[in-house]
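Engineer: Build me a model:
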Amino acid sequence: MLRPLPLRGLARETRRGFSREVRRGFTREALRGLARDGAPRWRSTAAVFTSMTALAATSLVPGPALAEPHSAPCALERTDAHHSEGVDTWNSAYVRPTHPLDAVMVFLSFPDARPLTTPAELAADHFPATSDFFERASYGRFTLRAHPQPRWIRMPHPSTSYAIQRDWDPEDRAAYLRDALAAADKQVDFSRYDIVYFVADPDAPGVDSDATKVVNLDTPLHADGKDIHRVVTVFEKHPPDRLVLAHETGHVFDLPDLYHRPSDGKSDWDTYVGDWDLMGSQFGLAPDLFAWHKWKLGWLDPHQVACVQGPGSTRLTLEPLGQGPDTAGVAAGAGAGALGAGAGAAAAAGAAARGAAARGAAAAGSAARGAAAAGALAAGSGISMAAASKGVRAGASDPGASGPGSGSGAPLPDASGSGASLPSASGSGAPLPGASGSGVPLPGASGSPLPSVSGSGASGPDTSGSGAFAAPSPGAGLPDGRNFGAGRGTKLAVVPTGPDSALAFEVRAPGGNDGATCAQGVLVYRVHSGAASGGGPIEVVDAHPHTESCWEESVYPPLADAPVGLGESFTVPGENVRVEVEGRTPSGAWTVRITTG
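Structural biologist: Next up is the predicted model:
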């Protein structure tokens, strides 16, 4: 009999042999309720009691860990790895998106095909969606300005002559880029632009949509007095894959591929981070960039990154990643409704947890999480009822997390990076000049503590000793008038685990680029600054390793429910680090306790 095809068998690469129309016909209906081994995976009472811990109360801890109000001790060093996740310095070979950047879109036609679309239609496939993504991800700190050329520019040779494909022959790719630049230079002043997109006619017979990528050049192209170190080659169909250009543009900003490219081309590509970052999958339910990436790109202030060091425990207040200054009012309204409207969802959650204590810790966590999620809906969180109720279903069936957990697979030794290479380049995924040389210090990676949060720190009511830094309450101000709250609060907590590794903690909830989040809570992930692009530089830690969620929509259901939810605790496997999610604040932030040692 036919063997049921598991979800991971429908990964992106295994479906590349089908047309996109056929691939879209593969739904998860036939797979719903089946795990990778074909057995049911839904959460059960037994799973609850073996993997959950409810937080009815917070116990005393031996001593406070030190949460530095600045991020210097936790800033991993940048290494020679291609697109290293080190954040102590910026690689000056790449443009840093801390100011407006101009991108030119050059549309290329070929002698063997008459275009069926217009440049304006293709430009609309990617903009303003790409610019909007970065505007939201950066909290308005970065603007990508697109400059689409109005007319097709004719290439000198047929599209089939360039042998365009995903793993492109370097000589064919070099010929394509030389011809494209020579043809466009007559009409385009490249000196005006920071980013170059070469967009091919999607209907030309030699165009392969899987060949879209960033080409990094050891020996730059030269036009109009400007060196061009990298080009984004776009071969997408019309309409294209969602957010594909945002993903490729991330490589222009030195962000790595976070997907796992299996050596056999048949296993799942999304085992490292699932839905949780654009650089893992542009199809993800929650594609906002990790807080670690926002720190690297310069979109977080020093006070928004808390460095947790030393044995003991500390309590932090973390804002949802998608909550920016322009969305703080919405989040605060939702939080206020959750806490106070009618009896308040948080109050209801607490009462439900207390009332359910006799029925077991796991049931209490379930009631707390479900009540909080329901309250957020009742308060009007700004997401659709369908999307929100989907998250509530996932949350209600998942009371908490505790136990062994599991990370994703080991990086492949032959995983290639995002950048393609020309004959003059250093190979696919090879680091560019300057990748390991002197870097540009990051303003938020070192320096003295901010005046309002320096000193011995504030000890929480159930911590002992001095030195535990507690994030100020929402609305508390900085000396220059900025607020910690209102979308400017702490976004990232970091626990160093080695010279080139760390654990990161951030809150993911519906909002911003994460409008369709499957589950909300504190997302935990490992960061390795020595791992290259495509080799697992970031791996999400699954707080619910025995369950899966959102089979219909998620790119990798085993990680769709990875966050630690309200009322849950989770011990990170192999690290002796525990995170407890204690509650919510009226502003929509989450109170979290991290215990190390």
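Engineer: where along the stretch 51-200 of the chain do the strands fall?
Structural biologist: 66-68, 89-90, 101-109, 144-148, 153-154, 195-200 (DSSP state E, counting those that start in this stretch).
Engineer: out of the ones you listed, deepest packed?
Structural biologist: Comparing the strands of the stretch 51-200 of the chain by mean neighbour count (mean count of other C-beta atoms under 10 Å), strand 195-200 ranks first with a mean of 26. C-beta coordinates here come from the backbone N, C-alpha and C atoms, glycine included.
Engineer: how far off strand 101-109 does that strand point, in degrees?
Structural biologist: Orientation of strand 195-200 against strand 101-109 (axes from the mean of the first three to the mean of the last three C-alpha atoms, to 10 degrees) gives an angle of 20 degrees.
Engineer: quick one on the thing from earlier: want to throw the strands of the stretch 51-200 of the chain into TSV with mean pLDDT and distance to residue 584?
Structural biologist: Output for these, formatted as TSV (pLDDT from 0 to 100; distance: least, C-beta to C-beta, whole Å):
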stretch	mean pLDDT	distance to residue 584
strand 66-68	43	20
strand 89-90	95	35
strand 101-109	98	37
strand 144-148	98	33
strand 153-154	98	54
strand 195-200	98	40
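Engineer: any idea how this protein splits into domains?
Structural biologist: Listed by automatic domain parsing, the domain ranges of the chain are 92-252, 331-396.
Engineer: Run the angle between the strand ranked longest in the chain and strand 195-200 for me.
Structural biologist: Secondary structure assigned by DSSP state E gives strand 213-223 as the longest strand of the chain. Interaxial angle of strand 213-223 relative to strand 195-200 (the same axes, to 10 degrees): 110 degrees.
Engineer: now for the following helix or strand past strand 213-223, which elements pack on it?
Structural biologist: Using DSSP states H and E, the helix or strand that follows strand 213-223 towards the C-terminus is strand 226-234. Secondary-structure packing of strand 226-234 (3 or more C-beta pairs under 8 Å, 6 or more residues apart in numbering; DSSP states H and E): helix 170-184, strand 195-200, strand 213-223, helix 244-252.
Engineer: The shortest one packs against which elements?
Structural biologist: What that stands for is strand 195-200. strand 101-109, helix 170-184, strand 226-234, helix 244-252.
Engineer: Show the average pLDDT along the longest one.
Structural biologist: This points to helix 170-184. Summarised as a single mean, pLDDT over helix 170-184 is 97.
Engineer: Repeat that for the last one.
Structural biologist: Averaged across helix 244-252, the pLDDT comes to 98.
Engineer: Of all the residues in that helix, which ones are buried?
Structural biologist: Neighbour counts over helix 244-252 (16 or more other C-beta atoms under 10 Å) mark 244, 245, 246, 247, 248, 249, 250, 251, 252 as buried.
Engineer: Out of those residues, which two sit at the greatest distance?
Structural biologist: Pairwise distances across the buried residues of helix 244-252 peak at 13.5 Å for 244 and 252 (criterion: C-beta to C-beta).
Engineer: returning to that earlier point: pipe the helices and strands packed on strand 226-234 into JSON lines and attach distance to residue 503 per row.
Structural biologist: Formatted as JSON lines, those follow (distance: least, C-beta to C-beta, whole Å):
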{"stretch": "helix 170-184", "distance to residue 503": "39"}
{"stretch": "strand 195-200", "distance to residue 503": "33"}
{"stretch": "strand 213-223", "distance to residue 503": "29"}
{"stretch": "helix 244-252", "distance to residue 503": "23"}
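Engineer: low pLDDT regions in this protein?
Structural biologist: Low-confidence segments of the chain (pLDDT under 70): 1-71, 265, 326-486.
Engineer: residue ranges of the helices in it, please?
Structural biologist: Per DSSP state H, the chain carries helices over the ranges 20-24, 45-51, 119-126, 129-137, 170-184, 244-252, 291-297, 328-340, 345-356, 361-379, 385-396, 557-560.
Engineer: The strands of the stretch 51-200 of the chain: which one's closest to residue 554?
Structural biologist: Using C-beta to C-beta, the strands of the stretch 51-200 of the chain put strand 144-148 closest to residue 554, at 27.7 Å.
Engineer: Pretty sure residue 273 sits against residue 540.
Structural biologist: Yes: with contacts counted by C-beta atoms under 8 Å, residue 273 reaches residue 540, the gap being 4.9 Å.
Engineer: which residues sit in contact with the residue lying closest to residue 176 once chain neighbours are set aside?
Structural biologist: Closest residue in space to residue 176, ignoring its immediate chain neighbours: residue 162 at 4.5 Å, by C-beta to C-beta, 6 or more residues apart in numbering. For residue 162, the contacting residues are 172, 173, 175, 176, 206, by C-beta atoms under 8 Å, 6 or more residues apart in numbering.
Engineer: Which among those residues count as buried?
Structural biologist: Counted by 16+ other C-beta under 10 Å, the contacts of residue 162 give 173, 175, 176, 206 as buried.
Engineer: re earlier: show me what the longest strand of the chain packs onto, helices and strands only.
Structural biologist: Counting contacts by 3+ C-beta pairs under 8 Å, 6+ apart, strand 213-223 packs against helix 170-184, strand 226-234, helix 244-252, strand 419-420.
Engineer: got the angle for the second one vs helix 170-184?
Structural biologist: Pointing back at strand 226-234 there. Put simply, strand 226-234 runs at 110 degrees to helix 170-184, going by the same axes, to 10 degrees.
Engineer: Okay, the closest residue in space to residue 325 that isn't next to it in sequence and residue 232: tell me how far apart.
Structural biologist: Leaving aside its sequence neighbours, residue 325 sits nearest to residue 487 (C-beta to C-beta, 6+ apart; 3.9 Å). The gap separating residue 487 from residue 232 is 31 Å, by C-beta to C-beta, to the nearest Å.
Engineer: out of those two, which sits in the more crowded spot?
Structural biologist: residue 487 (25 against 20; other C-beta atoms under 10 Å).
Engineer: closest to residue 497 out of the helices and strands packed on strand 213-223?
Structural biologist: Using C-beta to C-beta, the nearest of the helices and strands packed on strand 213-223 to residue 497 is helix 244-252, at 25.1 Å.
Engineer: re earlier: relative to residue 531, how far out is the residue nearest to residue 176?
Structural biologist: From residue 162 across to residue 531, the span is 33 Å (C-beta to C-beta).
Engineer: Check residue 220 too.
Structural biologist: Counting by C-beta to C-beta, the separation of residue 220 from residue 531 is 27 Å.
Engineer: With neighbour numbers in mind, choose between these two.
Structural biologist: Neighbour tally, residue 220 and residue 531, criterion other C-beta under 10 Å: the higher count belongs to residue 531, 25 against 16.
Engineer: For the stretch 451-597 of the chain, just list every one of the strands.
Structural biologist: Under DSSP E, counting those that start in this stretch, the stretch 451-597 of the chain gives strands at 492-498, 501-508, 521-528, 538-541, 569-572, 577-584, 590-596.
Engineer: Need the ones you listed in a markdown table (columns: distance to residue 262 and mean neighbour count).
Structural biologist: Listed next are the strands of the stretch 451-597 of the chain as a markdown table, based on distance: least, C-beta to C-beta, whole Å; neighbours: other C-beta atoms under 10 Å:
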| stretch | distance to residue 262 | mean neighbour count |
| --- | --- | --- |
| strand 492-498 | 27 | 21 |
| strand 501-508 | 24 | 24 |
| strand 521-528 | 19 | 25 |
| strand 538-541 | 15 | 24 |
| strand 569-572 | 26 | 24 |
| strand 577-584 | 30 | 22 |
| strand 590-596 | 34 | 22 |
